[in-house]
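J.: need a structure here:
(one chain, ligands or ions: 3)
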Amino acid sequence: MWRRVTSLSSLISSKRSSTLNQMGIEDLSAFPDVTGNSIGQNVVAREVGKDGRFFKGKTPFITFVLGGPGSGKGTQCEKIVENFGFTHLSAGDLLRREIISNTEYGAKILDTIKEGKIVPSEVTVKLIRKEMESSDNYKFLIDGFPRSEENRIAFERITEADPDIVLFFDCPEEVMVKRVLNRNQGRVDDNIDTIRKRLKIFESLNLPVVNYYSKRGKLYTINAVGTADEIFEQVRPVFAAHEDHVEFEWVQEAWMRF
Ligand SMILES: Nc1ncnc2c1ncn2[C@@H]1O[C@H](COP(=O)(O)OP(=O)(O)O)[C@@H](O)[C@H]1O
Ligand SMILES: Nc1ccn([C@@H]2O[C@H](COP(=O)(O)OP(=O)(O)O)[C@@H](O)[C@H]2O)c(=O)n1
Ligand SMILES: [Mg+2]
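T.: Ligands and ions are numbered 1, 2, ... in the order given. Sure, this is the predicted structure:
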């Protein structure tokens, strides 16, 4: 059963261990009560299946896309969308959209991103969940998430869902730095100071997430060096192998509902 969440602040404990702050996770008390804003609204109780994976009566196929800044996550996601019909949800884009929309905590998100830190998981997860709920698709690429164990655990708790597969774009730091500095999208965090901070946070927080999914047999590590097309040739078979299975599950469910 989806839990009804009336206030984000009830989920966000203001008591955070100092370890989380040291790891670069912004103190949640920095984010005011967001009841009634775009995240607080639109959260409704829903039935989920026994395995917790039903979403509006359909089973989503969820792919988490991991990798450091500039490892090519967004670029490869575009190709997966074109070739396999997924909906691309970039956690960073959703957060940047909140900044532009000028909500009361947009400024806090901006500060966090400028510092290269991680936005409180509840905020990010609810943005992702809202997009999933309003989508007609059932195949999702969740790009740049989870960036930490805290992100991962919050997703499980709030959506009661698990990823089906996890891609990890493994890229040397010098390549990532070069790509980010050449990205040219006017991002506030694409400068050498913020990149250094982001890489530090990535190094300390990403490995436990990778290990977690590796142990569960869900991890696909992709060598992220090479041209975008060369890299996609490693990605393609991962989705091709799952495609029949995904389509079959979907048809089976639709048939059962009919
Ligand atoms: N394989 C590649 N070789 C060279 N440049 C790339 C490659 N993949 C992506 N890029 C470029 O590097 C920058 C970062 O890529 P992006 O997909 O935004 O990475 P991420 O989402 O992981 O930060 C972009 O300017 C993109 O065009
Ligand atoms: N799960 C996430 C994803 C992004 N973010 C924030 O958003 C920034 C940009 O994320 P992004 O995924 O767009 O960055 P890239 O890896 O694409 O360069 C991160 O450095 C974090 O500050 C976050 O806090 N939590
Ligand atoms: Mg990106």
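
J.: what does this structure put close to ligand 1?
T.: 67, 69-75, 179, 182-183, 226-228, 231 (CB under 6 Å from any ligand atom). (Glycine included, C-beta is placed from N, CA and C.)

J.: and the contacts of the strand or helix carrying Phe64?
T.: Using DSSP states H and E, Phe64 sits within strand 61-67. With CB atoms under 8 Å, 6 or more residues apart in numbering as the test, strand 61-67 has contacts from 73, 76-77, 80, 86, 138-147, 161-171, 206, 209-210, 213, 224, 242, 246, 249.

J.: which residues of this structure lie near ligand 3?
T.: By CB under 5 Å from the ion, the residues of the chain that approach ligand 3 are 73-74.

J.: so what's the residue of the chain found nearest ligand 3 up against?
T.: Residue nearest to ligand 3 within the chain (CB to the ion): Gly74, separated by 3.6 Å. Going by CB under 8 Å, 6+ apart, Gly74 touches 90, 143.

J.: buried residues in the helix or strand hosting it?
T.: Using DSSP H and E, Gly74 maps to helix 73-84. Across helix 73-84, burial judged by 16 or more other CB atoms under 10 Å covers 73-74, 76-77, 79-80, 84.

J.: got it, and stretch 225-239?
T.: For stretch 225-239, a neighbour-count test (16+ other CB under 10 Å) marks 231-232, 234-235, 238-239 as buried.

J.: which other residues reach that stretch?
T.: When contacts are defined by CB under 8 Å, 6+ apart, stretch 225-239 is touched by residues 72, 75-76, 79-80, 83-84, 165, 167, 169, 171-172, 175, 220, 222-224.

J.: what about the residue of the stretch 101-250 of the chain found nearest ligand 1, neighbour count?
T.: Ligand 1 sits closest to Arg179 of the stretch 101-250 of the chain, with a gap of 3.4 Å, by CB to the nearest ligand atom. Under the neighbour criterion other CB atoms under 10 Å, Arg179 is assigned a count of 18.

J.: how about Ile195, secondary structure?
T.: Classification of Ile195 by DSSP: H, G, I helix; E, B strand; the rest coil places it in helix.

J.: ok, it - contacts?
T.: By CB under 8 Å, 6+ apart, the contact set of Ile195 is 69-70, 116, 176-177, 180-181, 189.

J.: for the nearest residue to Asn137 once chain neighbours are set aside, what are phi and psi?
T.: Excluding the flanking residues, the one nearest Asn137 by CB to CB, 6 or more residues apart in numbering is Thr87, at 4.3 Å. When read as degrees, to the nearest 10, the backbone of Thr87 gives phi -100, psi 130.

J.: same question for the one 3 residues further on.
T.: Torsion angles at Ser90 (phi, psi; degrees, to the nearest 10) stand at phi -90, psi 120.

J.: what's the closest non-adjacent residue to it?
T.: Asp143 (4.3 Å).

J.: in the sheet, who's paired with the one you found?
T.: Note on Asp143: beta-bridge partners Val65, Ser90, judged by DSSP bridges.

J.: tell me the pLDDT of it.
T.: pLDDT, Asp143: 98.

J.: how far away is it from ligand 2?
T.: Separation of Asp143 from ligand 2 (CB to the nearest ligand atom, to the nearest Å): 6 Å.

J.: just confirm that residue contacts Leu89, I think it does.
T.: Yes: counting by CB atoms under 8 Å, Leu89 is a contact partner of Asp143 at 6.7 Å.

J.: report the set of residues contacting both of these two.
T.: Contact with both Asp143 and Leu89 is made by no residue, according to CB under 8 Å, 6+ apart.

J.: tell me the secondary structure of Thr221, please.
T.: strand.

J.: can you count the residues close to Lys117?
T.: As a burial measure, Lys117 scores 19 neighbours (other CB under 10 Å).

J.: that one reaches Ile201, doesn't it?
T.: Yes: applying CB under 8 Å as the test, Lys117 and Ile201 come out as touching, 6.7 Å apart.

J.: chain center to the helix or strand containing Asp111, what's the gap?
T.: Using DSSP H and E, Asp111 falls within helix 106-114. With CA atoms, centre = their mean, to the nearest Å as the basis, helix 106-114 stands 17 Å off its chain's centre.
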